[in-house]
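Peer 1: Got a sequence here, can you model it:
(2 chains)
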Protein chains: 2
Amino acid sequence: MTFFASRWVEQPSHVREATDGRLPQGFRAAGVAAGIKPAGLDLAVVVSDVAETTSAARFTRSGVQAPPVTITRERCRLDALRAVAVNSGNANAATGRRGLDEAARMQGGAAMIAGAREDQVAVCSTGVIGVQLDGQTVIKGLLSLRPDLREDGAADLAEAIRTTDILDKHVALDVDLPGGTVRLTAQAKGAGMIQPSFATMLCFVQTDAALSSETCDLLLGVCVKRSFDRISVDGQLSTNDTAILMANGASGVAVEPESEAELRFGEALDALLRQLALLIVKDGEGSRRTGRVVVRGGADEVVEHCARSIANSPLVKTALYGGDPNWGRIAQAIGAALPDTHPLAFDIAIDGTLVCSGGQATGDVAAFDGDEVDVEVGLPGDGAETEVFFSDLGHEYIHVNADYTT
Amino acid sequence: MTFFASRWVEQPSHVREATDGRLPQGFRAAGVAAGIKPAGLDLAVVVSDVAETTSAARFTRSGVQAPPVTITRERCRLDALRAVAVNSGNANAATGRRGLDEAARMQGGAAMIAGAREDQVAVCSTGVIGVQLDGQTVIKGLLSLRPDLREDGAADLAEAIRTTDILDKHVALDVDLPGGTVRLTAQAKGAGMIQPSFATMLCFVQTDAALSSETCDLLLGVCVKRSFDRISVDGQLSTNDTAILMANGASGVAVEPESEAELRFGEALDALLRQLALLIVKDGEGSRRTGRVVVRGGADEVVEHCARSIANSPLVKTALYGGDPNWGRIAQAIGAALPDTHPLAFDIAIDGTLVCSGGQATGDVAAFDGDEVDVEVGLPGDGAETEVFFSDLGHEYIHVNADYTT
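Peer 2: Next comes the predicted model:
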């Protein structure tokens, strides 16, 4: 009912939030407290019972890639995934050869309980980096969750992938297409170490619509670019980012390329992923306020670099946290992003009020203390435009990241 | 006595801290409470009484360059500066045409009281961005400080350029050269918005040694590259960074090119600027601990990018603040800096303990809670090496930057 809460995401009229929270037909999930974390659910599986399930995936671009990412990328049919196994409490990253063995073992165990081939099972991990994952604990956990796999298991999955998340990041949507109604569900996690290059920390999407693997890949690619690729909590890129879309066709409703159905399904997926991405930003560790910066100018690289510089500036982020209308810090971030370009004629508007025009203060003052604050920056030239959603930086971020020893 | 306090800077044996704190012969300075800030000294001048004073300067590379920087760069004989006028409480940045007029007016007023030509007077400002500087207040202040210009005025100058600084950043050194002893003094400021490209926020250096302007430029350039260019508090680049060295020859001791005197003077200037740079990092708003990251590998751009990624990572910085030996965050920053390079064989050592070797945890644990923590990173290849000094990120940074409205 309240999933599409941001002013920056419009709920398409053919998309309804489902109250029953069930996975799409033919999908089952379960979570278990396997003992990887000191307490709580920490291991989960989602599986499609349809053999011909199609899929697509996106991963972190980090040069330090966790073994589960490597195993999934190198050993899976990414266009035909039927299951995902995921744990929290340990990222299985910087763990070398043994980490690869443990990720492969996790994949094998999940394939067994899912009744799928190993190359149809993606594995994902999130948690602390540099500690070996105990494969025996994972296998025991997988075996114990097997009897619990069920259509309403998505909430358990979402719970099991939380780390420092506070906000719920899962939803079930019904999407009206010309051929009938399909279900679209997603579970995501992420609150810190967030500036995905083209995936969030973790996001799993399921639908009972029938899509070719090419359509899966196209739609996931486009929508990730407009969602998880446009957010930053702290400018950090995880070693484990993974986003996976699975479509099993169990509804009997097909989404053909370049059809009205594809357009509508794409709109639904786009709104879904953008709202999930915004939830990750809003959940940015300790965040009070969310900012959106839109930069327009003459060159794609320039507007992108400038938008990231503003979104990741600790001075801009602390100003947002404090509700301090100190737009000089935005000017600073612009100048820092574009060295040796002086004199630079730039405009800054905050929630529609022009505070700086042609590089010069207008004298107008804008508040900086809404829940969602819009920053628009104009640079010389035309034709390029980008947006980045970002969280503020406050005491709770320090508390979460410094005061507790991991 | 206590100026060379860092383990990362060696006090040369021919350099002594002077107890009298006086400027070099022929230099005078004074500060005044002009009313630009609500209270305290906020305007100062340092002047050499020798007409043939030589000089060199370095400035911010920001695309958003404050009018005082523009005026100084474009209207001054940077090789023959005789005076600097500087205010705090207002950066005179993003102030457009009027800002340029006010900076020029400040330059004219300072030239009058210094008895120098306008093109021999540098002007600098620091403080809030986007607010017009009141030139009338500046002129009145300059006139009132004129009678106070004196040899022991350096402390006033240092006081007048403080903003959020807590640590003292000025010193007087005596430097033994083959031809006699010369004095070398410096006053710096900076605590936030600090990742100079080749200048600190503000740093003024004076000596009564005789240097050609070419030698000034060479030595300042080399030493700035090894000091202010190697630090980061918050990865932010100011609109106003300026470093100026003035040499008036009043001691009668010459520093000739490629001489023993040049070597020794260079060593003294190097130690001075490195220690001042470290003071800025240590004074990083709310900093508890200082880190040094050294990255070695095969390519200059790669080691530089990787070192900055670590030094500016809020996750690494909060771990340092919390004394949390979570080196996985360093691994994250390495991977984020070098996308699409997987698999990447990297080593991480903390204070000499190898915690990660070839991308894999060694199992050894290193403390992360000294006052000065050394991080060494090895990347594939040889021949390139860089270092960056950085502050941690803690509650006080948020307090300074968010809790007070500027």
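Peer 1: next one: stretch A:254-266 to chain centre, how far?
Peer 2: 23 Å (Cα atoms, centre = their mean, to the nearest Å).
Peer 1: in that stretch, what counts as buried?
Peer 2: A:254, A:255, A:261, A:262, A:264, A:265, A:266 (16 or more other Cβ atoms under 10 Å in any protein chain shown). Placement of C-beta: from N, CA and C, glycine included.
Peer 1: Serialize those residues to JSON lines and add fields for pLDDT and secondary structure.
Peer 2: Shown next, in JSON lines, are the buried residues of stretch A:254-266 (pLDDT from 0 to 100; DSSP: H, G, I helix; E, B strand; the rest coil):
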{"residue": "A:254", "pLDDT": "97", "secondary structure": "strand"}
{"residue": "A:255", "pLDDT": "97", "secondary structure": "coil"}
{"residue": "A:261", "pLDDT": "96", "secondary structure": "helix"}
{"residue": "A:262", "pLDDT": "96", "secondary structure": "helix"}
{"residue": "A:264", "pLDDT": "96", "secondary structure": "helix"}
{"residue": "A:265", "pLDDT": "96", "secondary structure": "helix"}
{"residue": "A:266", "pLDDT": "95", "secondary structure": "helix"}
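Peer 1: Next, format the residues you listed as a markdown table and append distance to residue B:54.
Peer 2: Below are these laid out as a markdown table (distance: Cβ to Cβ, whole Å):
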| residue | distance to residue B:54 |
| --- | --- |
| A:254 | 80 |
| A:255 | 74 |
| A:261 | 76 |
| A:262 | 71 |
| A:264 | 73 |
| A:265 | 71 |
| A:266 | 67 |
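Peer 1: which one of these sits closest to residue B:271?
Peer 2: Lowest distance from residue B:271 to those (Cβ to Cβ) belongs to residue A:266, with 62.1 Å.
Peer 1: That closest one and residue A:175: what is the separation?
Peer 2: Residue A:266 is 10 Å from residue A:175, where distance means Cβ to Cβ, to the nearest Å.
Peer 1: swap in residue A:42?
Peer 2: Residue A:42 sits 31 Å away from residue A:175, taking Cβ to Cβ as the criterion.
Peer 1: what are the ranges of the helices in chain A?
Peer 2: For chain A, the helices defined by DSSP state H cover A:67-75, A:96-114, A:135-145, A:154-160, A:213-225, A:260-282, A:300-311, A:314-322, A:328-337, A:395-398.
Peer 1: How about the third one, which residues are buried there?
Peer 2: Spelled out, that is helix A:135-145. For helix A:135-145, a neighbour-count test (16+ other Cβ under 10 Å) marks A:135, A:137, A:138, A:139, A:140, A:141, A:142, A:145 as buried.
Peer 1: now the fifth one
Peer 2: Burial within helix A:213-225, assessed by neighbour count using 16+ other Cβ under 10 Å, is assigned to A:213, A:215, A:216, A:217, A:218, A:219, A:220, A:223, A:224.
Peer 1: ok, those vs chain B, which is closest?
Peer 2: Comparing those against chain B with Cβ to the nearest Cβ picks out residue A:224 as the nearest, at 15.7 Å.
Peer 1: what's the span of stretch A:377-396, first residue to last?
Peer 2: Taking Cα to Cα, to the nearest Å, the first and last residues of stretch A:377-396 lie 28 Å apart.
Peer 1: In it, which residues are buried?
Peer 2: Neighbour-count burial for stretch A:377-396 [16+ other Cβ under 10 Å]: A:377-379, A:384, A:386-396.
Peer 1: again with stretch A:344-362
Peer 2: With the criterion 16+ other Cβ under 10 Å, stretch A:344-362 contains buried residues A:344, A:346-350, A:355-357, A:359-362.
Peer 1: Pull the residues that contact it.
Peer 2: Taking contacts as Cβ atoms under 8 Å, 6 or more residues apart in numbering or on different chains, the residues outside stretch A:344-362 that touch it are A:325, A:327, A:330-331, A:334-335, A:338, A:343, A:364-368, A:370, A:373-380, B:63-64, B:94-99, B:130-132.
Peer 1: Which of those are buried, as a ChimeraX select command?
Peer 2: Remark: buried members of these, expressed as a ChimeraX selection using 16+ other Cβ under 10 Å:
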select /A:325,327,330,331,334,335,338,366,368,373,374,375,376,377,378,379 /B:63,64,94,95,96,99,130,131,132
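Peer 1: circling back: CSV for the buried residues of helix A:135-145, including pLDDT?
Peer 2: Converted to CSV, the buried residues of helix A:135-145 look like this (pLDDT from 0 to 100):
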residue, pLDDT
A:135, 94
A:137, 97
A:138, 98
A:139, 97
A:140, 98
A:141, 98
A:142, 98
A:145, 96
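Peer 1: domains for chain A, by residue range?
Peer 2: A:15-282, A:290-403 (automatic domain parsing).
Peer 1: Ranking these by mean neighbour count, which comes first?
Peer 2: Compared across these, domain A:15-282 shows the largest average neighbour count, a mean of 22 (mean count of other Cβ atoms under 10 Å in any protein chain shown).
Peer 1: That domain close to chain B?
Peer 2: Yes - counting by Cβ under 8 Å from any Cβ of the partner chain, chain B is contacted by domain A:15-282 at A:60-65, A:70, A:91, A:93-99, A:128-132, A:192-193, A:195, A:197, A:234-239.
Peer 1: What ranges does the stretch 1-150 of chain A have for its strands?
Peer 2: Here the stretch 1-150 of chain A has its strands, by DSSP state E, counting those that start in this stretch, at A:15-17, A:27-32, A:43-48, A:54-59, A:83-88, A:121-126.
Peer 1: Can you say which of those is nearest to residue B:111?
Peer 2: Residue B:111 lies closest to strand A:54-59 among the strands of the stretch 1-150 of chain A, at 61.0 Å (Cβ to Cβ).
Peer 1: Can you give the contact residues for that closest one?
Peer 2: Contacts for strand A:54-59 (Cβ under 8 Å, 6+ apart): A:65, A:69, A:72-73, A:76, A:78-82, A:122, A:198-199, A:211-213, A:215-217, A:219-221, A:224, A:241-249.
Peer 1: relative orientation of it and strand A:121-126 in degrees?
Peer 2: Per axes from the mean of the first three to the mean of the last three Cα atoms, to 10 degrees, the angle that strand A:54-59 makes with strand A:121-126 is 30 degrees.
Peer 1: Neighbouring strands of strand A:54-59 in the sheet, and parallel or not?
Peer 2: strand A:242-247 (antiparallel) (DSSP bridges).
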